[in-house]
Structure formats: C-alpha cells, structure tokens
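Chemist: below is the structure, and that's it, no one-letter string:
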C-alpha cells in the first residue's frame, strides 16, 4: 500500500510540475512536425534543365518528348546560358547540355558544386539510361528478385516514429526521474521519508510509476495521432512499459552516483547521446557495426518498428520486451542498493 | 532507550572524524540535551541514531534496534523533527501530514489535531510553499508526532520561532515527556536545554566533554553568591554575599529579617557559562 501512496503523492506533485508536461509537450510538438512538416515519403524534386545542340531527327523527337511532358523535373531550355541562369535560380537542380562530336553524343553535366560522388554517379547513370532507353533497339534485361517478397515497408514518416518513441518516451524518463530525485533531495523531503517505515524501493518505484504514466500517455498519443486506431496497441503497451522501465532504471542507476542534478546531467546527456547512435544503423542498415548493435536502443528501435507493421514479428517484440524488463529489474535493484547507502548522506 | 558506545563517524571515511569515541546512554522517559556549537558533531550523532547516516564504527542501539542494520519497524517508534524544514511545498499542510500518516504501521494521530496543536489549523489547506519559515518549521515539528513516537528526536525545535510560539512548542515537548515520551534534543540554545532537559551532554569537536543534569552542573560550576537589592534609610542598596563566608551569611540574615529586601538572586551559572568554562568555547 505504501507504494501506492508514494505513487499517488508523486503523481500529485508531478502534475504540478513542469517535468511531467515536458514529455507530453515534446510529443505534441513532434506530432505536429511529423504531420504538417514531414512528407509521407521523402522524394527528391531535383530539376534537370536540358539544352540540346544535336541536330538529328531522333534527338529532336526525344527532346520534343521531354518538352511536351511539361515535367517538373525536366525542362528544355534554348541555350547553355539559360540552363546556368535557371540553375542559379533553383539551387536544387542540375544542368545537362547535349552535343555531338565525332559522331558521339556528349553529355555535359553542370552541377551546383555541393553534390557528392554518389549523386554524380546516380545522375550520370540515370540520364544516360533515360536517353538510351528511348532508342528504338533498346531492350531492358534487368531483373529484380527479393529474398522476402512479403516484406513490409513503412512510409518515411512512420519510419521516424520508432526513433521518437525510443528517445522521447523510453529515454526521456532517464532525465525526468533524476530531476524528481534530486528535487526531493534538495528540499530535504527524502530525509523525512528515510526516517519513516517507507522503504527505498517503495519510494523509487513511486517515481518510476509517474514516469510510466507520462510515457504511456505520450506513446499512445503519438501512435494514435500518426497511425490511427488500427495500430497494435496491446503489443505496443507491453513493449512501451518494458522499455520505459529500462529508461527509468538506467536514470536511477546513473543518478545514484551523484548528489546533485547538475553533476549528474553530463552523464545523463552522454548516455542518451550514445544510445541515440543506434539511430544511424536504423536509418542506414548497411552501417551497423557491432558496438552499435550492442546498444540497448538498437533492438528497441527495431521492436518499435515491428509494432508499426501490419504483420509484426511478435516473437521479436516480446523477446525484446522481456529482455528490457529483465535488465530493468537488475539495474533497478542495483540502483536501490546504492541509494539506500547514499541518498540521505 | 538509546545506547551509544565508542561511536566514530567520518564523512571522508578516513581519520578525519566528525564524531569520535562518543558514548552515552539515555533512559526511557528522559529528556536528553545534546549541546554544542555548529559543527560540533550534534547532527552527525543524530544522523547515526536516526539511521540517516550509516554506522561506521562503534555500537549503537535505538529503542532496542541495532543500528548496524536497523529494521524499518524502528521508524514506527521514533519521530524526527528536523532543523531544516522539509515538507512538500506543492502540497497543503494537511496533504503533507495525510501522506506521511499513511506510511506508518502503527496508530497515528489525526493530522488536524496536530495542526491545531502547533497553531496551523487555520492554514491546513494552504500550500506550504506559501508558508513562512516558522510555519514550515512548526509543520515539520507536527509531522514528527504523527506516529506518537516512543523516542522523539528534536533538532533545534524552537529556532526561528517567535517567543510565544517557541513557548508553545516547549509546552508540547514537556507534555509529551510527561506522558512517557523520551526526547533526544539537539540544540545550541542553552535556555531551551536548561528548561527542558533532565541531562545534557556538551559536545565539541566531535567529542563529548561532559554529561550531567543542568542542576548538578550549576551547583558544581556556579558561584555560591546571593545578590540582594534592599532599602536602607530610604536608599536603594545593592550587595553581593558569599554563602560560604560566615560574616556574609550573618549580614544577609539581618537584611532578610529587616524585611526590606526588594530583589534577591542566587548567582548560579548559566549553561552557557558552564559550557565555556568546560570547553573553553562558546555555543554559537
């Protein structure tokens, strides 16, 4: 019962403090950004300004086709100078001047200067293929086979949600719980609790409960706003509770080494910074070295991603949840042991 | 009620002791004063006795519980009033007491009764963040009585209070003691100690220099003089007489028999004077 009273008291106190609303406020801002500023899918709208000096019926027809498409990305201009002028007006563009020399077609690309080698290669291949494919004898012999034909792909917008859930919902508690603990220490109320029959774990779990409530509120708010009513809320709840507990336990563990929030803040920031590294491998799966795969945030991101799929891998989701729950319990017990010795000193 | 034997405590866990070789016993029903200037080791000793500081060296038992690994049940039997008020500023006075009350496994006192006792019943629903320092101090004091403690730790219970409120607090301490509560009083206020304590310990630089009752100390360290103001030939006269010298005793007797005494004081020493005499240091 004391745990319940601690939780109720902490809920009452936190509902009157900034920290509780900080996480929910961030979530609302992120929802607004994702809904109104981030497109469903990121598409390159790079314009290609083309000028052709070739006098041949085939190229006249080809260039005529481009002109008649009134495409946003392709525009036919009448001179190289016009191409350059257009490029200066639109920095998200490249230029292409076609000419003939010794019976060979020359593709002269004009770039802005910020393009990297990969983009240059892609442009070159794309444009050359585009022209080549218009030739009468052209036949496409390219075939694509996928190992998992049923693999689902998230939209670019939904693909951002796991990162937001990991950082704002699971790891935000790391800071907030530290702030709650140090506030109690600063006000001395921790001493008053220490001379009551209240146990340390009851005190700490009361705080964890508050972080859990704000985490669940933020997580469900985010998912409902961006995914709608058809998300896998049951599985999401289990994963959210486990990862949120892990974040809080980690926050308690780090805080147990310090006596003020200011001293702890550097380590808390560094922890979240390191954990956020997993995001690079999440967005660029080709880059996933072992140190990143060992970060707890790595499986967390992919487990949240599974929740968003139509047919999630539930074994992975529940194994990840169980893993985080187990680690959270161990880290919490260590933090509890440390706080019993240090919190009132 | 409290047994302390060869207590040592170092914050830096080396030979820089905040408390060294402290030993004393407190009987049930006693009001024991721990007297010393700031930094003398009073709060450290109380910290160990209340479990806020870990027992490093020595033997300490409180209400029969070994403080090496005190049971949480101990805290059903003790009450602690801190010098620095430590209440939840965002809760009202009543909410503060209601929350703490639920933490105990023993019968507790009605929070409103306690608020009334310390004169805070009229602001029971006010946020304590809006309280004055003195009001917060009274609330901290009231909270320490919630579980009707057998042993009551009071750290500077009257500091920062106006004389009327301080007197009220002292009356409550006396009343609780009369009903059997043992009191461990930490203070640098000699008047409070003199008024409330059955015995006092002088602590300085982490060491206890002396333990005795205020009366015995005054008898031992005070001068046996009587100061008298009396009328003689319509003139107010003032004289000091030694009770150890026969001529002085006779002269004092004559003045008393004449019936013209207006004011008469025994020149006993104050606790502060005795403290300075014993330790060579003041209490501030």
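Modeler: Cool, the structure landed. All values derive from a computational prediction rather than experimental measurement.
Chemist: which SSE is residue A:209 in?
Modeler: Assessed by DSSP states H and E, residue A:209 sits inside helix A:200-227.
Chemist: quick check: what element follows that helix along the chain?
Modeler: Counting by DSSP H and E, the next helix or strand C-terminal to helix A:200-227 is helix A:233-255.
Chemist: can you mark which positions in that next one are buried?
Modeler: A:235-236, A:238-255 (16 or more other C-beta atoms under 10 Å in any protein chain shown). For the C-beta atoms, the positions are set from N, CA and C on the backbone; glycine is no exception.
Chemist: cool, and stretch B:219-232?
Modeler: Under 16+ other C-beta under 10 Å, the buried positions of stretch B:219-232 are B:221, B:226, B:228, B:230.
Chemist: distance-wise, check residue A:331 relative to residue B:206.
Modeler: 38 Å (C-beta to C-beta, to the nearest Å).
Chemist: oh sorry, the question was meant for residue B:127
Modeler: Distance from residue B:127 to residue B:206, by C-beta to C-beta: 40 Å.
Chemist: residue closest to the middle of the chain?
Modeler: Here I'm looking at chain A. Closest residue to the average C-alpha location of chain A: residue A:163 at 3.3 Å, with C-alpha atoms, centre = their mean.
Chemist: wrong one, chain B
Modeler: residue B:185 (3.2 Å).
Chemist: ok, which stretches of the chain are strands?
Modeler: Assuming you mean chain A. A:47-52, A:74-76, A:93-101, A:104-110 (DSSP state E).
Chemist: my bad, chain B
Modeler: Going by DSSP E, chain B shows strands at B:2-9, B:19-26, B:31-35, B:57-62, B:65-66, B:78-81, B:151-155, B:182-187, B:199-204, B:207-212, B:225-232, B:235-242, B:261-266.
Chemist: between residue B:127 and residue B:206, which one's more packed in?
Modeler: residue B:206 (23 against 16; other C-beta atoms under 10 Å in any protein chain shown).
Chemist: now for that one: which residues touch it?
Modeler: Contacts for residue B:206 (C-beta atoms under 8 Å, 6 or more residues apart in numbering or on different chains) come out as B:17, B:18, B:19, B:20, B:22, B:40, B:41, B:44.
Chemist: pLDDT added to the residues you listed, as TSV?
Modeler: As requested, the contacts of residue B:206 are exported to TSV (pLDDT from 0 to 100):
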residue	pLDDT
B:17	88
B:18	90
B:19	91
B:20	91
B:22	91
B:40	85
B:41	89
B:44	90
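Chemist: wait, which of these is closest to chain A?
Modeler: residue B:44 (11.0 Å; C-beta to the nearest C-beta).
Chemist: which ones are touching that closest one?
Modeler: B:9, B:11, B:18, B:19, B:53, B:206.
Chemist: make a PyMOL selection of the buried ones in those residues.
Modeler: Here is the PyMOL command that selects the buried residues among those (16+ other C-beta under 10 Å):
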select buried, chain B and resi 9+18+19+53+206
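Chemist: identify the farthest-apart pair in the contacts of residue B:44.
Modeler: B:53 and B:206 (13.3 Å; C-beta to C-beta).
Chemist: identify the residues contacting stretch B:193-202?
Modeler: Taking C-beta under 8 Å, 6+ apart as the rule, stretch B:193-202 contacts B:24, B:30-36, B:170, B:173-174, B:177, B:183, B:185, B:187, B:208-214, B:217, B:270-271, B:275, B:278-279.
Chemist: mind checking how far it is from the chain centre?
Modeler: Chain-centre distance of stretch B:193-202: 6 Å, with C-alpha atoms, centre = their mean, to the nearest Å.
Chemist: report the mean per-residue pLDDT for that stretch.
Modeler: Here stretch B:193-202 scores 90 as its mean pLDDT.
Chemist: dump the residue contacts of the residue nearest to the centre of chain B.
Modeler: Contacts of residue B:185 were listed using C-beta under 8 Å, 6+ apart, and they are B:31, B:32, B:33, B:34, B:154, B:157, B:173, B:192, B:193, B:196, B:197.
Chemist: can you count the residues close to the fourth one?
Modeler: The reference is to residue B:34. Residue B:34 has 29 nearby residues by other C-beta under 10 Å.
Chemist: show me the contacts for the nearest residue to residue A:41 once chain neighbours are set aside.
Modeler: Nearest residue to residue A:41 in three dimensions, chain neighbours excluded: residue A:156, at 4.6 Å (C-beta to C-beta, 6 or more residues apart in numbering or on different chains). Listed by C-beta under 8 Å, 6+ apart, the contact partners of residue A:156 are A:38, A:39, A:40, A:41, A:42.
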